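Novice: Provide a 3D model corresponding to the input given below.
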Amino acid sequence: MQQNKEIEELLNDRTYYIEYSRYATNHAKHAVIALSGLGADTEIIKAYLKAYITKTDLVSETSKPSLYSISENNWKDFFGQRTSYSSYFNFFDQQEKELGREQLLKKYLPELLPGWAGSLAHATIHLGWGLSVNNRCMKIEGLAYMAFSFISCRPECLFAKQSQLLKDESVIKSILRIAEKWESNYDELHNWAENLISDKSSRAAQKIHPDLDKSLQYRIVRILNEGHPLIYQEPDWIMRQEISLTWEQLYYAMTIVYLAKPGDFVILHLLTSLYAMEKIANELTLEYQFFAIKNYWVGMLCILFSKADFPKRKDLVDLHAIYENSYDTAWENLENTKWSETIARALKESEEHNPKLVYLMQNLWKRTGYRTIYRNAAKCYT
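Specialist: Residues are numbered from 1 along each chain as shown. Just a heads-up that it's a prediction; the model follows:
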């Protein structure tokens, strides 16, 4: 997506800090990309940003000093400590000047990918969406934010033996298998998650940054730290399936999950971060593209499990039956009417996540030959 000069300036603006109110992410630039991609006039985007900055009190978060000076020797030592964002930015900025875009990403992303779910995946979203429009500033900010908020999803815990690979055939089959396990063992799994999250006496719990203590992120970090055998059973499609097919199946399966709980704020993040992860993976060698998928799968399940719940299998099956082979015909008319209505509504939204949802769903609708699921999901606002 080409950006005009004014939009590029908005994406390059570093006036405001990456977070506000201790742990909430500054979404302003994500909104710029989505609104611009939906065809919003630059003045509308600027008005949105002005309102967003006021609403979130970003004015009071213009800068925070770094506690440590990040260098090549210590850049991994402060992962997830939430201490040195500005220094991380300066480090990656200098590395990009020395190495260039391609080598910068190939050198540092493999170490950062396991931490993609930190900050409710917002650092990943910032990087991936920035890469989608080839914005240098967002790329550097995203790398710095990933290091700043890093919490490993521990992909190394996936079973590696061939005999342990699950032959689920597709991503949606894996989701249905896990949904069935949740239904047959609901009390056990629900209580396991809630007890884990409520227990703040363990060493792992006490290591979580105090800024996250009372936030949704705390629940996610506890599951990321602990994990569960269901999360670590590796489906064989992760490493054995053609990678473009896996991305397509992940988008479809996660949209089914979203429609099973339409408007769910957390699951919406799993969709927008999936888009980001694909953009990030496209910058890497094939080996690390598969690694990105492995990390997304593990982290995504940790985030879902943090809700101490899972979508009902019947709901997923029913939605799959509706949408598996459903494609829009006469798409020109749909694009001019149904989408224009959805987009017009999105442009009036004060909630940033909704235009981002519409932008992503329209992108997927066009990319997949007008699958109906994406047009319908675009209307399910959080």
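
Novice: Could you measure from the closest residue to residue 150 other than its chain neighbours over to residue 252?
Specialist: Closest residue to residue 150 apart from its sequence neighbours, by Cβ to Cβ, 6 or more residues apart in numbering: residue 115 at 3.2 Å. (Each C-beta comes from the backbone N, C-alpha and C, glycine too.) Using Cβ to Cβ, to the nearest Å, one gets 26 Å for the distance from residue 115 to residue 252.

Novice: again, but for residue 316
Specialist: According to Cβ to Cβ, residue 316 and residue 252 sit 12 Å apart.

Novice: Now for the residue nearest to residue 150, how many residues are close by?
Specialist: If you count neighbours by other Cβ atoms under 10 Å, residue 115 ends up with 23.

Novice: before we move on, what about residue 41?
Specialist: 11.

Novice: Over to residue 309?
Specialist: 15.

Novice: Could you verify my assumption that it touches residue 190?
Specialist: Yes. Assessed by Cβ atoms under 8 Å, residue 309 is found in contact with residue 190 at 6.8 Å.

Novice: what sits in contact with each of the two?
Specialist: Counting by Cβ atoms under 8 Å, 6 or more residues apart in numbering, residue 309 and residue 190 have no contacts in common.

Novice: Does anything pack onto the host helix or strand of residue 299? Which helices or strands?
Specialist: Using DSSP states H and E, residue 299 sits within helix 286-305. Contact partners of helix 286-305 among helices and strands, from 3 or more Cβ pairs under 8 Å, 6 or more residues apart in numbering; DSSP states H and E: helix 101-112, helix 216-226, helix 237-240, helix 243-260, helix 265-281.

Novice: Those: which one's closest to residue 295?
Specialist: Closest to residue 295 of those, according to Cβ to Cβ: helix 265-281, at 7.7 Å.

Novice: so where do the strands sit in this structure?
Specialist: 19-20, 24-25 (DSSP state E).

Novice: Point out the other helices and strands that the first one packs with.
Specialist: Right, strand 19-20. Secondary-structure packing of strand 19-20 (3+ Cβ pairs under 8 Å, 6+ apart): no helix or strand packs against it.

Novice: low-confidence ranges in the chain?
Specialist: Scanning the chain for pLDDT under 70 picks out the ranges 1-3, 59-63, 159-164, 332.

Novice: again, 90 this time
Specialist: Where the chain drops to pLDDT under 90, the residues are 1-4, 15-16, 19-26, 52-65, 158-169, 200-207, 209-216, 239-240, 329-338, 349-352.
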